[in-house]
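Chemist: below is the sequence, then the predicted model.
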Amino acid sequence: MKITDIETFRLVTPLEKPFAWSQYWTNIRTVGIVKITTDEGIIGWGEGCEGSSEHVVNDVLKPILMGQDPLNRIGLWEKMFHSLYNRNEVVGFGGSAISAIDIALWDIAGKHLNVPIHTLLGGKVRDKIAVYATGLYYTEEEFSNIEFLLSEARSYTEAGFLGMKTKIGRLPIEKDVARVKALRDEIGYDLKLMVD
């Protein structure tokens, strides 16, 4: 089996209200997708490349991977890593690009062998996994009235999440501490509260 094509797609959706984390504000959500096609018609999908990572996939990694055996995941990973290591681009965009391709290669292997990927990884360990809500970003409304943030936290609790993650680092530390304390007081101590 050989890789015959690698494509990238960027999915973008506007947000009703912009939000922020420690570095900047955004009014859109984006995700990058990689599609790898083989000569046997098997298609693998991977998520994680967006922005400059798309250029890393298309301009650096695709030429290395074309015509290669997609089942040689470790060998291909080594080639990708070393092609970016020499450019000092392994972390950040390069790591995101490698990750998306690696996921697509696992997808191809599972489809080729007609087994779920957990079988390739050594077998199913559990039937359920714990999930948490990611949200509680900074918003303009929250700065004038923290009730907006607390209302969002309540919605996650009502939806059945046993944990949630909020952002910190944009405000002075005293204000971030007060923000996290308000969240903790709102959701109680039985639920997990994580910060990022």
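Modeler: That came through fine.

Chemist: okay, CA-based contacts and neighbour counts for the rest of this
Modeler: Will do.

Chemist: give me the contact list for stretch 45-65.
Modeler: 3, 6-8, 10, 30-36, 76, 79-80, 83, 93-94, 96-105, 107-108 (CA atoms under 8 Å, 6 or more residues apart in numbering).

Chemist: got the buried residues for stretch 53-70?
Modeler: Buried residues in stretch 53-70, counted by 16 or more other CA atoms under 10 Å: 53-57, 60-62, 65-66, 68-70.

Chemist: in which helix or strand would I find E7?
Modeler: strand 3-20 (DSSP states H and E).

Chemist: re earlier: output the buried residues of stretch 53-70 as TSV; include the columns distance to T139 and secondary structure.
Modeler: Converted to TSV, the buried residues of stretch 53-70 look like this (distance: CA to CA, whole Å; DSSP: H, G, I helix; E, B strand; the rest coil):
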residue	distance to T139	secondary structure
S53	27	helix
E54	29	helix
H55	31	helix
V56	32	helix
V57	33	helix
V60	37	helix
L61	37	helix
K62	39	helix
L65	42	helix
M66	44	coil
Q68	46	coil
D69	47	coil
P70	43	coil
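
Chemist: how many residues are close by H118?
Modeler: Applying other CA atoms under 10 Å, we find 11 residues neighbouring H118.

Chemist: sorry, back to before: among the contacts of stretch 45-65, name the ones in strands.
Modeler: Among the contacts of stretch 45-65, the ones falling in strands (DSSP state E) are I3, I6, E7, T8, R10, T30, V31, G32, I33, V34, K35, I36.
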